[in-house]
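Trainee: After the sequence you'll find the predicted model.
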Amino acid sequence: MTPPNNCDMTALISKLSAVLDQETKLVNSGDFDASFALQAEKNQLIADFQSQVGQLDKGTKSGLADAFKDLNRLLSANMSALGMARDISTGIIKRVADVVNGPRATNSYGSNAMKPTGPLPARRGIAVDKGF
């Protein structure tokens, strides 16, 4: 297998950047079905990128530094959008679960192994044996 050259990597980075940008826009607009449709292509491009970037010589890598910075910026924006979508969906799922499960029952019990019926009396400090 011949190592990739600058043109090959530039084309690959360009394709990957376009897919990441499109996915970020779709997630930000809430079109998750369309963003899901991009997953196979994105995963293939990432696999190709990972296999080829390790074969680059230092000169080619330095020539692609700006492209790598742009790709890194797009990856950060993509991860931020996906993280925000995950946080929102987690919050929705939690609220739905709270509604379905009803009010939360107490999870602490009094000294007689029964649920407290009223406020617990205030405790007064810890006894210390000063006889030692």
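Mentor: Structure's in. What do you need?

Trainee: so where do the helices sit in the protein?
Mentor: Assigned by DSSP state H, the helices in the chain fall at 6-29, 32-37, 39-53, 58-63, 65-101.

Trainee: Taking helix 6-29 as reference, get the angle to the third one.
Mentor: Computed with axes from the mean of the first three to the mean of the last three C-alpha atoms, to 10 degrees, the direction of helix 39-53 lies at 150 degrees from that of helix 6-29.

Trainee: Name the surrounding residues that touch helix 39-53.
Mentor: Residues from elsewhere that reach helix 39-53, judged by C-beta atoms under 8 Å, 6 or more residues apart in numbering: Pro4, Asp8, Met9, Leu12, Ile13, Lys15, Leu16, Val19, Leu20, Glu23, Lys61. Every C-beta, even on glycine, is put in place using the N, C-alpha and C of the backbone.

Trainee: Columns distance to Asp129, mean neighbour count and mean pLDDT on top of the helices of the chain, output as JSON lines?
Mentor: Below are the helices of the chain laid out as JSON lines (distance: least, C-beta to C-beta, whole Å; neighbours: other C-beta atoms under 10 Å; pLDDT from 0 to 100):
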{"stretch": "helix 6-29", "distance to Asp129": "63", "mean neighbour count": "17", "mean pLDDT": "91"}
{"stretch": "helix 32-37", "distance to Asp129": "64", "mean neighbour count": "13", "mean pLDDT": "92"}
{"stretch": "helix 39-53", "distance to Asp129": "66", "mean neighbour count": "14", "mean pLDDT": "92"}
{"stretch": "helix 58-63", "distance to Asp129": "70", "mean neighbour count": "12", "mean pLDDT": "85"}
{"stretch": "helix 65-101", "distance to Asp129": "47", "mean neighbour count": "12", "mean pLDDT": "90"}
